[in-house]
Structure formats: structure tokens, C-alpha cells
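**Student:** predicted model follows, preceded by the sequence.
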Amino acid sequence: MIANSTTQTQLCPYCANSIAADATDCPYCKVDLSSQSDPKWLRRDDPSPEPRIGSDNHKRYPIPTNFIWIGAILVVALSAFFAGGYMQRSEQLLSSQANLKQLQAKEQIIQSQETQLAQTRQQLNENSNQLTEMKTKLEEGRKELSLTQQRLSVAARQAERLNTSRSPAIRRTASRAPDASAPLPSPVATRTAATGVYETTRPTSVHEDPSSSSRVITQIDKGTRINVASSAGGWLEVRSRHGNPPGYVRSDDARPSGGVN
């Protein structure tokens with residue numbers, strides 16, 4: 001605020017601020033001017049006056065130029081240090097981010113490989129199950145083939161025996177010349193074998209039915225005694241006394257025996 005030019009002013013003897021001439025106390029330093037004497041430093045005869053106390057009268061000390069240069073160097077060094085540390089941290093952060101991306105990529109590759117491995121294992125298990133099933137079917141086929149071969153072998157032996165038994169009769173019939181004037185022979189009744197104990201004349205098979213194509217129950221050796229219950233069409237019905245099911249053998253493979261089985 002600008003003071004009026006007609007107002008008389010004076011300087012405060014303590015703080016040297018401009019105050020009214022008739023002021024009893026200083027509005028700046030709050031000193032009572034009516035009861036105080038002039039300060040000692042205002043006397044002209046004092047060789048070493050004390051410094052005035054005021055807001056704008058501080059003591060100033062000159063700063064040496066060397067300190068300024070040292071301070072500037074320190075500031076530059078600190079700035080370079082912090083800048084280098086910041087750059088190093090930035091590089092470390094970038095390197096960490098790159099390593100993290102590489103780890104994530106490797107984890108994705110590992111997960112993909114684990115998925116492929118699980119699929120491969122599942123496929124191997126399925127192939128193993130299929131191979132087991134194929135082995136089982138192969139074993140069943142081998143058993144059926146072996147059984148068929150046995151049946152064919154028995155049928156071949158039976159056919160061979162039948163051909164052997166019929167060959168002399170065929171040769172005798174062929175050696176006789178047919179006589180047109182001779183009367184036709186009367187039909188001969190089919191010979192029925194007597195029941196009782198028989199003895200096999202060669203190794204033979206016991207069939208389930210009186211047929212060469214029926215299932216073979218068992219094989220018996222030459223000289224085996226059998227109990228014949230009945231006969232029909234060149235087959236002897238054999239019954240066992242040990243509870244075995246009945247079977248049939250060819251009448252050409254056995255002959256009556258005088259003993260009791």
C-alpha cells in the first residue's frame with residue numbers, strides 16, 4: 001500500500017522500516033518506541049555498530065568457485081549414476097520380459113508335446129487292445145482249424161477203410177462176365193449183426209451218429225472190447241458201462257468176441 005505523501009514518517013531504530021513519525025510502537029518488530037531509548041547501533045560514535053535486525057538485512061557469505069564446480073561435478077556424477085542405473089534396470093526389465101516370453105513359448109511347446117504324447121499313448125492302447133483281440137481270434141481260428149483237420153483226417157481214414165473193404169468185391173464183380181440169359185439175383189436182405197461183446201480189429205473212431213461226417217467222440221485202439229447194443233446200415237451202436245454217452249463204430253472195424261466185457 002502506498003503511503004500518503006503528506007504524512008511524516010521515520011525509520012524504526014530497531015528494524016529500519018518506514019513507520020509514522022508519531023507511532024508509539026513499530027508495526028513490524030513490535031517494539032515500544034515511547035519507553036525505549038535509541039538503540040546503541042544508531043550512535044555515530046560507536047566504531048562497530050551491530051547489524052540491524054530485519055527481514056531484508058540477512059548476512060550473506062560469498063560461495064567459493066571451487067565449491068560450485070565440485071557441486072556441479074557431483075550433480076553430473078549423480079545424474080550419470082542414476083541414469084546408468086535406470087538404463088541398467090530398463091535393460092534388465094527388457095531382458096526379463098524376453099526371458100518370460102521365451103519361457104511361455106517353451107511351456108506352450110511342452111504342453112503341445114504332452115498332448116501329442118497322451119494322444120499317442122491312447123492310440124497305442126487302442127492298437128494293443130485290437131492286437132489282443134486279433135490274437136484271440138487267431139487262437140480260436142487255429143483251434144477250429146485243428147479240429148477241422150482232425151475231422152478231415154478221421155474222414156480220410158474212414159474213406160480209405162471203406163475203399164479197402166469194397167475193392168475186393170468190386171474186383172470180383174468186374175472179373176465176372178455178365179450173362180444176359182441168367183436170371184437176375186433176388187435181393188438179399190441186409191445182414192443184421194448180433195448184439196453182444198465185440199473186439200476191434202483195427203484202430204477206429206467212435207462217432208456220435210451212424211455217419212462218417214458226424215462228430216468223433218473218441219478214438220479206440222485195436223483189440224478193444226466194446227458192448228454192441230444194436231446195428232444198422234453197417235454201423236454198430238456201442239454202449240458204455242461207465243456212464244459214457246453211446247456211440248457208433250463201423251461194423252467192418254469190429255468182430256464178435258466170445259468173452260464178456
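**Tutor:** Noted; the coordinates are in hand.
**Student:** domain ranges for this protein?
**Tutor:** 1-59, 61-170, 196-256 (automatic domain parsing).
**Student:** make CSV from those domains and add mean pLDDT and mean neighbour count to it.
**Tutor:** Glycine gets a C-beta too; all of them are placed from N, C-alpha and C. CSV is the format used below for those (pLDDT from 0 to 100; neighbours: other C-beta atoms under 10 Å):
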stretch, mean pLDDT, mean neighbour count
domain 1-59, 66, 11
domain 61-170, 85, 10
domain 196-256, 87, 16
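**Student:** which residue ranges of the chain form strands?
**Tutor:** Ranges of strands within the chain are 9-11, 18-20, 196-200, 204-207, 216-220, 225-232, 235-238, 247-250, 254-256, based on DSSP state E.
**Student:** so can I have TSV of those showing distance to residue 33?
**Tutor:** TSV is the format used below for these (distance: least, C-beta to C-beta, whole Å):
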stretch	distance to residue 33
strand 9-11	9
strand 18-20	8
strand 196-200	166
strand 204-207	158
strand 216-220	154
strand 225-232	165
strand 235-238	163
strand 247-250	158
strand 254-256	169
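**Student:** out of those strands, nearest to residue 98?
**Tutor:** Closest approach to residue 98 among the strands of the chain (C-beta to C-beta): strand 18-20, 71.5 Å.
**Student:** who are the packing partners of that closest one?
**Tutor:** Packing partners of strand 18-20 (3 or more C-beta pairs under 8 Å, 6 or more residues apart in numbering; DSSP states H and E): strand 9-11.
**Student:** hang on, the earlier thing: looking at the strands of the chain, which is closest to residue 30?
**Tutor:** Closest to residue 30 of the strands of the chain, according to C-beta to C-beta: strand 18-20, at 11.4 Å.
**Student:** strand partners of that closest one, parallel vs antiparallel please.
**Tutor:** strand 9-11 (antiparallel) (DSSP bridges).
**Student:** what is the distance between the strand it pairs with and the centre of its chain?
**Tutor:** On the basis of C-alpha atoms, centre = their mean, to the nearest Å, strand 9-11 is displaced by 102 Å from the centre of the chain it belongs to.
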